[in-house]
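K.L.:
Next one to model:
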Amino acid sequence: MKISAIFMLMVLLASSTLLAVMPAGAQGVVVPGDLDGDKIVSDEEMVAAEQSYQDGKITSEQLEEIRHIHENYPRTITDSAGREVTIYKPIKRIIVLHSKGAEIIRALESKDNIVGVSDYIASDGVYFPDLSKSPNVGKYSSLDVEGILSLSPDIILVYGTMLITPIEALEDDLKGTEILLLGLDCCSTDALCDDIEKIGYLLEKEDKAEELVSFYQSEIDTICEKIEGIYEDKKPRVYIECYGDYNARNKRSPTHLICTMAGGINIAKDIAPGKTTATSVDPEWLIEQNPDIILKCISGSRVSCGYDEDDPTEMKAVRDTIMSRLGFEKTTAVENGKIYLITPDICNGVSNVVGLAYVAKWVHPDLFEDLDPQAIHQEYLTRFQGLDYDLDEQGVFVYPEV
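P.N.:
Coordinates of the predicted model:
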């Protein structure tokens, strides 16, 4: 025991010296109870901690913290970028750079761990009333690295595969610190449940993650099971236009996946090779394609819509403009009035289950006559986002409403 005590004293002295010279972000390298510097509390180190408690050198709270780390860490996941990310003690401080990740963290009841957010989240006081007041670390394209370091985060949640400030660039900025980058997109429907579970695992919120996944998957399955029996020739052909005029979404876009899951056929799915999700199409081509349905994604920065809008007037005006495009009057979509507008608020992340429900009702109205997208949306906002938001009184997310 004498040797162990001497060893512990040496490690504690060394740790104090390290804390004095390391930058704020690097302090996360110190793991309570770790005596040999491998960031893992071994069985022997647990015994040493118990002895230190008996000797009055650490408190009962410190002992329990060490015991918790010993029993539950390290934790390792593989992120969207294929990188192994390992944490060695509980995550207490998070900077989140995309809203869909912030939604998941809030749904897992861990929003109090968020110490910094991107400019986009900081500017949205309606949907993120609390998080918008957090320190703003800048836009994805121009992050405030000094501000990030000053917040001493344990981890930064970033996109893993999207072409917005690649992880490699951020890693270069954070060299010399122990700040971890967690690259999870939290957008794509086919990987979303996996992302939720990974975040839940890292935050020790497995039960909450399971609850969120169960809600999400149940709503998805309800729709997909009905679509399975539809033959391809019975599926309507859909033109998905995103933001700008004649900007068609292809099979790489989240909206394409929603369309497909809802039982539609995206007529522009194979346009634009490479990594882009949309490309401009010729109006004549579109008229020749004669889509059965036109689905227009509307940006809140261009048209009044979303959580901070109650009046659908501008959405209606956009729809009227599409219907009056030269040559469109003979298309099946215009003839049948099947022009629908939807906002990205309900097309990405966990919220895309709401977008899917709306699109399903538009694409197959008879099949989904009893489906209530607004009820799904309200449950998500109230139960998982903890928002006091009444969809009967607030918000414009689709036009026309179903």
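
K.L.:
Please count neighbours and contacts with C-alpha atoms only from this point.
P.N.:
Will do.

K.L.:
Stretch 186-202 - what's its average pLDDT?
P.N.:
Stretch 186-202 comes out with an average pLDDT of 93.

K.L.:
buried set for it?
P.N.:
Going by neighbour count (16 or more other CA atoms under 10 Å), the buried part of stretch 186-202 is 186-189, 192-202.

K.L.:
ditto for stretch 394-402
P.N.:
Within stretch 394-402, the residues scored as buried using 16+ other CA under 10 Å are Gly395, Val396, Phe397, Val398, Tyr399.

K.L.:
can you check stretch 160-180 too?
P.N.:
For stretch 160-180, burial by neighbour count (16+ other CA under 10 Å) applies to Gly160, Thr161, Met162, Thr165, Pro166, Ile167, Leu174, Thr177, Glu178, Ile179, Leu180.

K.L.:
Okay, and the closest residue in space to Lys111 that isn't next to it in sequence sits in which element?
P.N.:
Closest residue to Lys111 apart from its sequence neighbours, by CA to CA, 6 or more residues apart in numbering: Ile105 at 5.8 Å. Under the criterion of DSSP states H and E, Ile105 resides in helix 99-107.

K.L.:
After that helix, heading C-terminal, what element do we hit next?
P.N.:
Taking DSSP H and E, what comes next after helix 99-107 is strand 114-117.

K.L.:
The helix or strand just after that following strand - contacts with which helices or strands?
P.N.:
Remark: after strand 114-117, the chain's next helix or strand is helix 119-122, criterion DSSP H and E. Identification of packing neighbours for helix 119-122 by 3 or more CA pairs under 8 Å, 6 or more residues apart in numbering; DSSP states H and E yields strand 138-139.

K.L.:
Centre of the chain to the strand it packs on, how far?
P.N.:
Counting by CA atoms, centre = their mean, to the nearest Å, strand 138-139 is centred 17 Å from the centre of its parent chain.

K.L.:
Show me what it packs onto, helices and strands only.
P.N.:
Judged by 3+ CA pairs under 8 Å, 6+ apart, strand 138-139 is in contact with helix 119-122.

K.L.:
try 7 Å this time
P.N.:
Of the remaining helices and strands, none touches strand 138-139 by 3 or more CA pairs under 7 Å, 6 or more residues apart in numbering; DSSP states H and E.

K.L.:
That strand pairs with which strands, parallel or anti?
P.N.:
Strand 138-139 pairs in its sheet with strand 142-143 (antiparallel), by DSSP bridges.

K.L.:
sorry, back to before: which of the buried residues of stretch 186-202 lies closest to Val31?
P.N.:
Distance to Val31 across those (CA to CA) is lowest for Leu202, with 15.9 Å.

K.L.:
Look up the closest residue to the closest one, ignoring the ones flanking it.
P.N.:
Leaving aside its sequence neighbours, Leu202 sits nearest to Arg75 (CA to CA, 6+ apart; 6.7 Å).

K.L.:
burial count for that neighbour?
P.N.:
By other CA atoms under 10 Å, the residues close to Arg75 number 15.

K.L.:
One more: the one 10 residues further on?
P.N.:
Neighbour count of Val85, defined by other CA under 10 Å: 15.

K.L.:
again with Gly300
P.N.:
Neighbour count for Gly300, taken as other CA under 10 Å: 18.

K.L.:
for the one 5 residues further on, same thing?
P.N.:
Neighbourhood size, Cys305 [other CA under 10 Å]: 25.

K.L.:
How about the one 10 residues further on?
P.N.:
Other residues lying near Met315 total 22 when counted by other CA under 10 Å.

K.L.:
give the contact list for it.
P.N.:
Val303, Tyr399 (CA atoms under 7 Å, 6 or more residues apart in numbering).

K.L.:
So for this structure, the centremost residue is which one?
P.N.:
Lys100 (2.6 Å; CA atoms, centre = their mean).

K.L.:
quick one: that one from Ile196, how far?
P.N.:
Lys100 is 10 Å from Ile196, where distance means CA to CA, to the nearest Å.

K.L.:
for Ile298, same thing?
P.N.:
Ile298 is 27 Å from Ile196, by CA to CA.

K.L.:
ditto for Pro236
P.N.:
32 Å.

K.L.:
got it, and Glu211?
P.N.:
10 Å.

K.L.:
and if you look at Ser301?
P.N.:
Going from Ser301 to Ile196 by CA to CA gives 28 Å.

K.L.:
Of the buried residues of stretch 160-180, which belong to strands?
P.N.:
Mapping the buried residues of stretch 160-180 onto strands (DSSP state E) picks out Leu180.

K.L.:
which one among the buried residues of stretch 160-180 gets closest to Thr279?
P.N.:
Met162 (17.0 Å).

K.L.:
Would you mind giving the secondary structure of the residue nearest to that closest one when sequence neighbours are not counted?
P.N.:
Excluding the flanking residues, the one nearest Met162 by CA to CA, 6+ apart is Asp185, at 7.3 Å. Using DSSP: H, G, I helix; E, B strand; the rest coil, the structure places Asp185 in coil.

K.L.:
hang on, Asp185 packs against Tyr159?
P.N.:
Yes: contact criterion CA atoms under 7 Å: Asp185 and Tyr159 qualify, at 4.6 Å.

K.L.:
Return the set of buried residues in the helix or strand where Asp207 lies.
P.N.:
Asp207 belongs to helix 206-227 when assigned by DSSP H and E. By neighbour count on 16+ other CA under 10 Å, the buried set for helix 206-227 is 206, 208-210, 212-213, 215-217, 219-220, 223-224, 227.

K.L.:
can you list contacts of that helix?
P.N.:
Outside helix 206-227, the residues that reach it (CA under 7 Å, 6+ apart) are Leu108, Cys193, Ile196, Glu197, Gly200, Met261, Ala262, Gly263, Val350, Val353.

K.L.:
Report all helices and strands that the next helix or strand after that helix contacts.
P.N.:
For helix 206-227, the succeeding helix or strand toward the C-terminus, using DSSP H and E, is strand 237-242. Helices and strands touching strand 237-242, as assessed by 3+ CA pairs under 7 Å, 6+ apart, comprise strand 247-249, strand 265-266, strand 293-297.

K.L.:
Just want the angle from strand 237-242 to strand 293-297.
P.N.:
20 degrees (axes from the mean of the first three to the mean of the last three CA atoms, to 10 degrees).
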